[in-house]
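> below is the structure, and that's it, no one-letter string:
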C-alpha cells in the first residue's frame, strides 16, 4: 500500500511540472507565438490593420491558402507532400467551367465533374506512389508538370483561348456562387464564405486527426510506415485517401476561383503549391511526417494572410513580402527540428 | 479488435492438454523451406511451440532467423513443408492474417512509432471506438486507462501514457510491445532479437517479461544470437546455420556450454584457428612472438605453482 501511495505522489509531481511542457511541445505552439507577435506588430505600425473590414480581408486572404493547407497539412503528417496542388486547383476550376460550357449543361453538373476529376488526380498521385514506392516529390512533380501542360493545351483546344469563356449565364450559377463565393454579413462586415468553409474544414480535420482511427493511422503512416504496417494499419489506403483529401480541398478552392471570377486563366496556379506547403510547415508539420496538426496549418495560413495584407496596410513595398516569408519558413523549420529532437531523444 | 473477440474455446477445441508434448502443438513447423529466387534462405526447419513454453531460435547473422519469423508472421510465404496452427495446416498471406490467428510479433525495430504517445502506439491498428456510422470516435479515456493498467500488470510503472514512446528506453519499449501483444489476445508471441540492442540490465528486464508472458500461457518464440540469454528462459532450442537446422533440443538434453559450442560451431572454430596459425607461420616475426607468448605463459604458470 505504501508503495502505491508513493507512486501516486510521484505521478502528481511529474504531471504538475509537465503542464507547461505539454503546452510547449504542441506542434502549433511556435506558429501561435509567431502569429501573435506578427499581429501585434502590424497593429502597432498600421492602425488600419485593426479595423474589422481589414481583418475580414486578412481572413479571406488566409482562407484561400488555408483551405488547401488543411489537406496539405494532413498529407504532410502522413509523410508525403504534393507539388501538384497549385495547378490541380486550376484543373478543377477548368474542368467545371469547360465541361458545363462545352456541353451547355447546368453548372452543377460541371461542379460534380470537377469533384470527380480532383479526387481522381489525388487517387492517381497516391496510387502511383504506393505502387512504385517513388518519393512523393518525384510523383507529384510529374503530375504538376503534366497538369500544367494539360490545363493550357486542353483549354486552347476546346475553347480556343488561354482563358475559359464566362460561365455566369449558365443555369445554377447563382446558387453555386452562394455556396462557393458569396459574402456573409456579420456585425455589418462582409465576410467571405470561404472563411467559414476554412474553419469548418479545420474543425473536421482536427477531429479526424485526433479522435478517429484514421487519424491514428495518418500519424503512424507518416511516423513509421513499416511499424504501422506490422501492426495491421492499412498504410497504402491511408496515403491514397490523404491524396484524395488534398484533391477535395483543391476542388473547393477551384470552385471558389471559378465562381468569384466567372472565368479561369489556364496558366495560373503555378507556384501556389509552395504557399500551401509553407503554411503547413510554419504551422508545425514536420516535412518528414508523423507530427503536426490541422490547426497548425490554419495558423500558418493566417500568418501568411497577415503578412501578405499587413505589408499593404503598412504601406510598405510588397517586394519585401517574399523575403519575409522565407525568413518565417526558416525560423519555423528550425523550431520544429528542435521540438522533434527533444521528443525523440529525451 | 478486442481481446474478447478471440473466442478461446474455438481455438482450443482440437487441443489436448496444452502443457504436455501432445499430438497437437499450438504451432508447429515441419520441414519448412523458403527460396528467394535462386537463393535458398531456409530449408528443412522443424520446430514446435506450445502454450506456456518458450522456444528459442538461435543462429548467427544470416542464419535464416529473420526468414523464419517472416514466414510465421505472415510477411512471407514458405514454399516447402507444412506450417500447422493447432494441427491445422495454414499459409498466411498477410500480417493481419497471422494476427487474426493469434500470432503477434514484436520486431527488432520494435514496431512502434516514436513520435506517437504510448497509448496511441499500444492501440495502433486495433483502436477502440465509440459511437456509430461516420461519427465513430476514439474512446480515448478507456484506451489510456487500459494502457496504464496493462503496463502496470507487466510491472512497468509509467508516469504518463501521453508521452511519446520514443522517450522510453529500449527495454521499456520492448515491454510495451510485449504487453500490447498479450492484451490483444496473442496465443503465440514472436520476439525478434529483443535483447540485441540492450545493455545487460535492460536485457534482464526483457527476459523477465518473456517469462511473464510464458506464465500467462502464451507460446513464445524467442529469436536471439545470444545463448546466455536463451538458455535461462528457453524450454526448447532450435539452432540455425546458413538457412539449415543444425540441432533441435529440449532443455534437459543440452547444457549452456554445449549450446554455446554448437552456436560457435566448435569444430569449425578449431579449424579456423589452425588455418590462421598456418597463415601466421609464413612470417618469422609472428613465430618469434608466439615463442615469446609461450615462454611468458610457462613462466607465469611456473611462478604460480611455486607460490
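Nice, thanks for sending it over. Values in this document were obtained by computation on a predicted structure and should not be read as measured data.
> output the set of residues of the stretch 151-300 of chain A in proximity to chain B.
Within the stretch 151-300 of chain A, the positions lying close to chain B (Cβ under 8 Å from any Cβ of the partner chain) are A:207, A:211-213, A:215-217, A:219-220, A:223-224, A:226-233, A:290-291. The way it works is simple: take the backbone N, C-alpha and C, and place the C-beta from them, glycine included.
> buried subset of the residues you listed?
A:211-213, A:215-217, A:219-220, A:223-224, A:227-233, A:290-291 (16 or more other Cβ atoms under 10 Å in any protein chain shown).
> looks like residue A:249 contacts residue A:201 (just checking).
Yes. Contact criterion Cβ atoms under 8 Å: residue A:249 and residue A:201 qualify, at 6.9 Å.
> identify the contacts common to the two.
Counting by Cβ atoms under 8 Å, 6 or more residues apart in numbering or on different chains, the shared contacts of residue A:249 and residue A:201 are A:67, A:70.
> which one's more surrounded, the two?
Ranked by neighbour count (other Cβ atoms under 10 Å in any protein chain shown), residue A:249 and residue A:201 place residue A:249 first, with 29 against 24.
> per-residue pLDDT, that one?
Model confidence at residue A:249, expressed as pLDDT, equals 96.
> doesn't residue B:97 belong to a strand?
No. If the criterion is DSSP: H, G, I helix; E, B strand; the rest coil, then residue B:97 is helix and not within a strand.
> and it, how far from residue A:301?
43 Å (Cβ to Cβ, to the nearest Å).
> same thing with residue A:129?
Residue A:129 is 25 Å from residue A:301, by Cβ to Cβ.
> these two: who's more crowded?
Set residue A:129 next to residue A:301 and count neighbours by other Cβ under 10 Å: residue A:301 wins out with 33 against 21.
> how about that one, what does it touch?
Contact analysis of residue A:301 by Cβ under 8 Å, 6+ apart lists A:62, A:63, A:65, A:66, A:69, A:198, A:279, A:283.
> right, and the first one touches residue A:198 too?
Yes. The pair residue A:62 and residue A:198 qualifies as a contact (Cβ under 8 Å) at a distance of 7.5 Å.
> from the residues of the stretch 151-300 of chain A next to chain B, which ones fall inside helices?
A:207, A:211, A:213, A:215-217, A:219-220, A:223, A:226-230 (DSSP state H).
> can you put these in a markdown table and add pLDDT and distance to residue A:117?
Shown next, in a markdown table, are these (pLDDT from 0 to 100; distance: Cβ to Cβ, whole Å):
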| residue | pLDDT | distance to residue A:117 |
| --- | --- | --- |
| A:207 | 94 | 27 |
| A:211 | 90 | 31 |
| A:213 | 91 | 29 |
| A:215 | 93 | 27 |
| A:216 | 92 | 30 |
| A:217 | 94 | 26 |
| A:219 | 94 | 29 |
| A:220 | 93 | 30 |
| A:223 | 90 | 32 |
| A:226 | 85 | 33 |
| A:227 | 85 | 35 |
| A:228 | 87 | 30 |
| A:229 | 84 | 31 |
| A:230 | 79 | 36 |
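> residue ranges with poor pLDDT in the stretch 201-346 of chain A?
Applying pLDDT under 70 to the stretch 201-346 of chain A picks out residues A:336, A:339-346.
> can you check the pLDDT for residue 101?
Using chain A here. On the pLDDT scale, residue A:101 is placed at 89.
> my bad, the chain I had in mind was chain B
Reported pLDDT at residue B:101 in the predicted model: 84.
> what sits closest to it if chain neighbours are left out?
Nearest residue to residue B:101, sequence neighbours excluded (Cβ to Cβ, 6 or more residues apart in numbering or on different chains): residue B:85, at 5.5 Å.
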